[in-house]
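**Q** Got a predicted model here, sequence first, then my questions.
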Amino acid sequence: MARSKRRYWLFKSEPEAFSFDDLRAAKRRRTTWDGVRNYQARNLLRDDVERGDGVLYYHSRANPPGVVGLAEVVKAGYPDPTQFDPQDAHHDPKSDPDDPRWFMVDIEARRALPSFVPLDELKANRKLARMLVVQRGQRLSIQPVTEAEWHEVLRMGGAPAR
DNA sequence: GCCAACGTTGGC
DNA sequence: GCCAACGTTGGC
């Protein structure tokens, strides 16, 4: 069930692991956002991220880090199968299949931002002073973004407002 | 590659 | 339930 009002998120990915270009090159330009193994992020994926929500695709551990493109949630939270796969790096032997511990969503690439927005610029923008990604020590890989922050980042990236 | 900041684990 | 040890994240 979709909410009446769309929410916005920032998803972090290390480009060497899975970049925005990788997402755009993927089948149907989609991917499962699996492998999240942090409870706070899990709670967001399970309870709050909904189909139709907007995603700022952020490259972490990049030179420089920053927001590279936009994506959209195309499937809300459901159990992440990699937790039950002993061969997978994110296998969790303590997770009960009848009560899965880890959840994921599916996202689909939208457009790349015409201009990459580096973390330095996010930090320098006073309108974004409260944005989570600019907070020191903030490591959450799935972060809520306000509507105002979303529009400001799109503006900085040269994307038409929408 | 370094390391500060966090989150998790497990002994007690 | 405390907290030291350990593992991970992610900017630099």
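**A** Nice, I can see it.
**Q** hmm, the strand ranked longest in chain A in reach of DNA strand B?
**A** Longest strand in chain A, counting residues (DSSP state E): strand A:103-118. No: using CB under 7 Å from any atom of the strand, strand A:103-118 never reaches DNA strand B; the gap is at least 13.7 Å. All C-beta atoms are positioned from the backbone trio N, CA, C, and that covers glycine.
**Q** Using PDB, list the CA coordinates for that strand.
**A** Taking Å, rounded to 0.1, in the frame of the first residue of the first chain, the C-alpha atoms of strand A:103-118 are listed here in PDB:
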ATOM      1  CA  PHE A 103      15.100  -6.900   4.900                       C
ATOM      2  CA  MET A 104      15.700  -5.300   1.600                       C
ATOM      3  CA  VAL A 105      13.900  -3.200  -1.000                       C
ATOM      4  CA  ASP A 106      14.200  -3.000  -4.800                       C
ATOM      5  CA  ILE A 107      15.200   0.200  -6.500                       C
ATOM      6  CA  GLU A 108      15.300   1.400 -10.200                       C
ATOM      7  CA  ALA A 109      17.600   3.900 -11.700                       C
ATOM      8  CA  ARG A 110      16.200   7.200 -12.700                       C
ATOM      9  CA  ARG A 111      18.400   9.900 -14.100                       C
ATOM     10  CA  ALA A 112      22.000  10.700 -13.200                       C
ATOM     11  CA  LEU A 113      22.300  14.200 -11.900                       C
ATOM     12  CA  PRO A 114      23.700  16.500 -14.700                       C
ATOM     13  CA  SER A 115      26.400  17.500 -12.200                       C
ATOM     14  CA  PHE A 116      27.700  15.300  -9.400                       C
ATOM     15  CA  VAL A 117      27.100  16.900  -6.000                       C
ATOM     16  CA  PRO A 118      30.200  16.200  -3.800                       C
END
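**Q** Let's test this: mean pLDDT of that strand, rounded?
**A** For strand A:103-118, the mean pLDDT works out to 97.
**Q** partners of that strand in the sheet?
**A** When pairing is defined by DSSP bridges, strand A:103-118 lines up against strand A:30-32 (antiparallel), strand A:66-79 (antiparallel).
**Q** Centre of the chain to the longest one, how far?
**A** Read that as strand A:66-79. Centroid separation for strand A:66-79 versus its chain: 5 Å, with CA atoms, centre = their mean, to the nearest Å.
**Q** can you pull the buried residues of it?
**A** A:66-77, A:79 (16 or more other CB atoms under 10 Å).
**Q** I am finished for the moment; much appreciated.
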